[in-house]
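> Fold the following and give me the result.
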Amino acid sequence: MKGDTDRLHWWQTRWFVALMVLVSIIPLLKPDIPPLVDLPGHMGRYRVQLDVGSYPWLSDWYDFKWSLIGNLGVDLLVVPMTPIFGLELSVKLIVIAIPALTVLGLLWIAREVHGRIPATALFALPLAYSFPFQFGFVNFALAMAIALNAFALWLRLARLGHVRLRAIIFVPLSCALWLCHTFGWGVLGVLAFSAELIRQHDAIRGKGWRHWGLAWVRAGLACVPLALPMVLMIAWRTGNHVTGQTGDWFNWRAKVGWLTMVLKDRWQFFDIASTAVLYLILFKGFRDPAIEYSRNLGLSALFLAAVFIVLPRIVFGSAYADMRLAPFLLAITVIALRPRPGLSIRGTALLAVLGCAFFLVRIGAGTVSYWMFDQRYDRELAALDHVPVGARLVSFIGEECGNKWLMSRLEHLPAIALERRLAYTNDQWSMPGAQLLTTKYTQARTFAHDPSQVVTSVQCPREFWRPLIRSLARFPRDAFDYVWLIQPPDYDPKFNAGLIEVWRDGKSVLFKVDHSQPGPDVPDSELYPKYVRRVPF
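Numbers count the residues shown, from 1 in each chain. Here you go, the predicted model:
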């Protein structure tokens, strides 16, 4: 009869891991389009890359060129999957895989480091639906999910003594991960080096700075198989077509904010309270003598914390770089915890029950939240039944000044018109070198790309968003056939001059542009009040 120290408990079994992986996908089962902020915009780009050769008007509006960049994860996967599943289902399946792989990776890492999955590791699982995922950074999120599993494989091969095999496997694997998203490759490098540093130091069995220095060198040599993407990075960032700056360093206020928003979704109090639970677990790990930290993952957490501190907010023109790392820093720190051997099985089981309950509550809330977003998507997208294929569509989505906790998830919904109706939409990003697609529809002028689709009731400080009345008065009418207002702020109906209503649902409305009629004749004094700094229209 095996003792308690040899027997696997219910949260350490393979069936439990499989069950948690399956539970993690529940919120994404109902929505046809996963309600992630940027995802519809990406789906519009996927449609162009797949069909730009079949519909000549797409090439009149957009310039799409394949190039080797560290941001191609989902872009590449939809190519073989779309002929089988269709574009929307392909994207949904890929997005569903992200939280599933994240949960699997966290539990696998915990298993490799601790020998068995500690009960405390279950508290990290809700971070599979972290704020960067909610934002729709799908290439990033996919790369991070893969990176977690790759790190677990790195640890396992080292534990089994297959170091040479590990080197062979991780040369192509690191290149594929970089191709998915550079961030995932970078985080894998940090995790692998920190783990290897502890392994090499323990192998030397020495103390003092000299032994740590030798361990540092050996760890660096062991991580050489991960270094090949550095050549790809240099080739990417030295191209003449590349734009995008790096900046906003050491923005402490933003960094502290990111650490409180790791579970940001819909209900502010609930999300912050859930985040507080994670910090309470970490605090308990420091204070409670019955809980300890793994040296391996503890060092990984310290390395990631250093990267988080140094990382600027904008990298290569992509915003929220440091924000993206925050939930993974927290996740690695949480799974570094483990109950000490002296803790009773009753106390350990209670931790496991609480961790499992925490995960299930967050999944339940996320399922309700996504169902509500999906209902809104269905209502708004009914407008596309009245948009002909190939239409030139300008869209304006209502937004409020300031950073609200609840993000509407509508900011890039117009791109579904591009994805479903092959229509022009003004919400695509245009950043050569960071995206494969750039807009070239010069007739649209400053209404050609993101963020021209976001409108407000007044001019917001430090934002490029326009007030709705200015957008309606100044958009080039000869460049567009339809105007789509999605949950716009209240405005004077006189700005609808020259527009014919063809569909309405509440405040949202679709207009057809009557090119034979002039737009509203409004003086600049009404569009640019004296107390508002004038910005280009």
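
> what's near enough to touch G220?
Applying C-beta atoms under 8 Å, 6 or more residues apart in numbering to G220 gives the contacts F193. Any C-beta I mention is one placed from the backbone N, CA and C, and that applies to glycine too.

> If I look at it, what pLDDT would I see?
With respect to pLDDT, G220 scores 89.

> swap in P388?
Looking at P388, the pLDDT reads 96.

> Run a quick neighbour tally on it.
Neighbourhood size, P388 [other C-beta atoms under 10 Å]: 12.

> Which residues are in contact with it?
Contacts of P388 by C-beta under 8 Å, 6+ apart are R421, A423.

> Please, where are all the strands along the stretch 351-500 of the chain?
Secondary structure of the stretch 351-500 of the chain, counting by DSSP state E, counting those that start in this stretch: strands at 393-398, 437-439, 454-456, 466-467, 482-486, 499-505.

> Same question for the stretch 151-300 of the chain.
Using DSSP E, counting those that start in this stretch, strands in the stretch 151-300 of the chain cover 291-293.

> Out of the strands of the stretch 351-500 of the chain, which is closest to A227?
strand 437-439 (30.2 Å; C-beta to C-beta).

> The closest one: partners in the sheet, and parallel or antiparallel?
Partners of strand 437-439 in the sheet, by DSSP bridges, are strand 62-64 (antiparallel).

> Could you pull up the mean pLDDT of the helix or strand following the strand it pairs with?
Next along the chain after strand 62-64, taking DSSP states H and E as the criterion, comes helix 73-85. Averaging pLDDT along helix 73-85 gives 96.

> Mind giving me the packing neighbours of helix 73-85?
With contacts taken as 3 or more C-beta pairs under 8 Å, 6 or more residues apart in numbering; DSSP states H and E, helix 73-85 sits against helix 39-51, helix 87-114, helix 138-159, helix 163-180.

> can you do 7 Å?
helix 39-51, helix 87-114, helix 138-159 (3 or more C-beta pairs under 7 Å, 6 or more residues apart in numbering; DSSP states H and E).

> buried ones in the next helix or strand after the shortest one?
It stands for helix 39-51. Per DSSP H and E, the first helix or strand lying C-terminal to helix 39-51 is helix 56-61. Using 16 or more other C-beta atoms under 10 Å as the test for burial, helix 56-61 gives L58, W61.

> ok, residues contacting helix 56-61?
V48, D51, V52, G390, L422, Y424, T439, K440, Y441 (C-beta atoms under 7 Å, 6 or more residues apart in numbering).

> gap between the nearest residue to the last one once chain neighbours are set aside and L499?
Residue nearest to Y441 in three dimensions, not counting chain neighbours: W61, with 4.4 Å by C-beta to C-beta, 6 or more residues apart in numbering. Computed as C-beta to C-beta, to the nearest Å, the W61 to L499 distance reads 22 Å.

> Going along the chain, name the helices of the stretch 301-450 of the chain.
321-335, 345-381, 415-421 (DSSP state H, counting those that start in this stretch).

> just those helices: most buried one?
Using mean count of other C-beta atoms under 10 Å, the stretch among these with the largest mean neighbour count is helix 321-335, at a mean of 25.

> Keeping just the C-alphas, turn the helix or strand of the chain with the lowest mean pLDDT into PDB.
Ranked by mean pLDDT, DSSP states H and E, the helix or strand of the chain with the weakest confidence is helix 524-527, at a mean of 74. Output of helix 524-527 as PDB, limited to C-alpha atoms (Å, rounded to 0.1, in the frame of the first residue of the first chain):
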ATOM      1  CA  ASP A 524     -15.300  75.400 -38.200                       C
ATOM      2  CA  SER A 525     -16.300  77.300 -35.100                       C
ATOM      3  CA  GLU A 526     -18.900  74.600 -34.300                       C
ATOM      4  CA  LEU A 527     -16.500  71.700 -35.100                       C
END
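
> Was I right to think Y46 contacts L76?
No: between Y46 and L76 there is no contact under C-beta atoms under 7 Å: 10.4 Å.

> So for these two, which sits in the more crowded spot?
The residue with more neighbours, out of Y46 and L76, is Y46; 24 against 15, by other C-beta under 10 Å.

> Tell me how many other residues surround the nearest residue to the more buried one once chain neighbours are set aside.
Residue nearest to Y46 in three dimensions, not counting chain neighbours: V78, with 5.0 Å by C-beta to C-beta, 6+ apart. Neighbour count of V78, defined by other C-beta under 10 Å: 23.

> what's the answer for A18, then?
Counted with other C-beta under 10 Å, A18 comes out at 11.
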